[in-house]
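A.B. asks: I need the structure of the sequence given here:
(one chain, ligands or ions: 2)
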Amino acid sequence: MFEIAPSILSADFTRLAEEIRAVEAGGAKILHVDVMDGRFVPNITIGLPVVKSIRKFTDLTIDTHLMIVEPSRYATEFVKAGANMVSVHVEIDPHLQRTLTAIREAGGQAGIAINPATPLVSLEEALPFADFVLLMSVNPGFGGQKFITTALDKLRRLRRTIDERGLNTKIEIDGGIDATNIEKIVEAGAEIIVSGTGVFGKGNGAEGVKELIDAGTVWA
Ligand code: DX5
Ligand code: ZN
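C.D. replies: Residues are numbered from 1 along each chain as shown. Ligands and ions are numbered 1, 2, ... in the order given. Sure thing, here's the model as predicted:
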């Protein structure tokens, strides 16, 4: 089983409401929201007020991916704004266990995001405190980048670690995923598949989600 989480970064922001209705119609259950601060990553996107507005408009699970410095200052604010899932990068939080616990105590699902060049061993101690891992298959900052192929082996190793440790931690993967590679990614054990360009790139979010569900279902 897997879910598609459309990343609104690739949506038409002037028609965000319609874009959200389209991915709902296509069968998406999760909406991925990329929060960037121009410091942890070289791009600035959206923040709390947009999450609050989206919350009023949809019942989809809101998944906020925090690509910001000092994530512990804002993580629970995103839960209060209506996010259901909040992920924090392991590279930028020296007190990750505390931040994850705070997200959970605020009522959210806590996630650890990890960049392509960061080794999986850096997740080892914090894993039991996380509801999900967000494995990056591009360097975060922009939509439309190419899938880094070594992420596939990293995904398989993470799947094995989680299974061997008997944890329930879900695996989400993000970056460069479309109908051409989703099958392998689902087969390797990812449960939540983020896609921006793959969903919105052709101008029809409903079709984009359906296409990915079809392409990934072969091995599911
Ligand atoms: C990249 C973001 C991704 C991005 C994915 O920094 O974290 O969520 O929107 O976009 P695609 O699917 O186009 O690579
Ligand atoms: Zn993301």
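A.B. asks: when you work out contacts or count neighbours from here on, use the C-alpha atoms and nothing else.
C.D. replies: Noted.
A.B. asks: show me where the protein has strands.
C.D. replies: 3-6, 30-36, 61-67, 85-89, 109-114, 132-136, 170-174, 192-195 (DSSP state E).
A.B. asks: now those strands as TSV including distance to residue 101 and mean pLDDT?
C.D. replies: What follows is these, written out as TSV (distance: least, Cα to Cα, whole Å; pLDDT from 0 to 100):
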stretch	distance to residue 101	mean pLDDT
strand 3-6	24	98
strand 30-36	20	99
strand 61-67	16	99
strand 85-89	11	99
strand 109-114	8	99
strand 132-136	13	99
strand 170-174	17	99
strand 192-195	22	98
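A.B. asks: quick check: closest non-adjacent residue to the residue of the chain found nearest ligand 1.
C.D. replies: Nearest to ligand 1, among the residues of the chain, is residue 140, at 3.1 Å (Cα to the nearest ligand atom). Leaving out its chain neighbours, the residue that sits closest to residue 140 by Cα to Cα, 6 or more residues apart in numbering is residue 41, at 6.6 Å.
A.B. asks: hmm, the one you found is touching residue 141, no?
C.D. replies: Yes: using Cα atoms under 8 Å, residue 41 and residue 141 qualify as a contacting pair, with a distance of 5.2 Å.
A.B. asks: how about residues contacting the lengthiest helix in the chain?
C.D. replies: For the chain, the longest helix by residue count, based on DSSP state H, is helix 150-164. By Cα atoms under 8 Å, 6 or more residues apart in numbering, the residues outside helix 150-164 that reach it are 116, 120, 135-137, 168-169, 171, 185, 188-190.
A.B. asks: just these now: which is nearest residue 96?
C.D. replies: residue 120 (14.8 Å; Cα to Cα).
A.B. asks: tell me who's in contact with that closest one.
C.D. replies: Applying Cα under 8 Å, 6+ apart, the residues contacting residue 120 are 154, 158.
A.B. asks: returning to that earlier point: what comes up buried for the longest helix of the chain?
C.D. replies: 151-152, 154-155, 158-159, 162 (16 or more other Cα atoms under 10 Å).
A.B. asks: got the contact list for the residue nearest to residue 140?
C.D. replies: For residue 41, the contact set (Cα under 8 Å, 6+ apart) comprises 67-68, 140-141.
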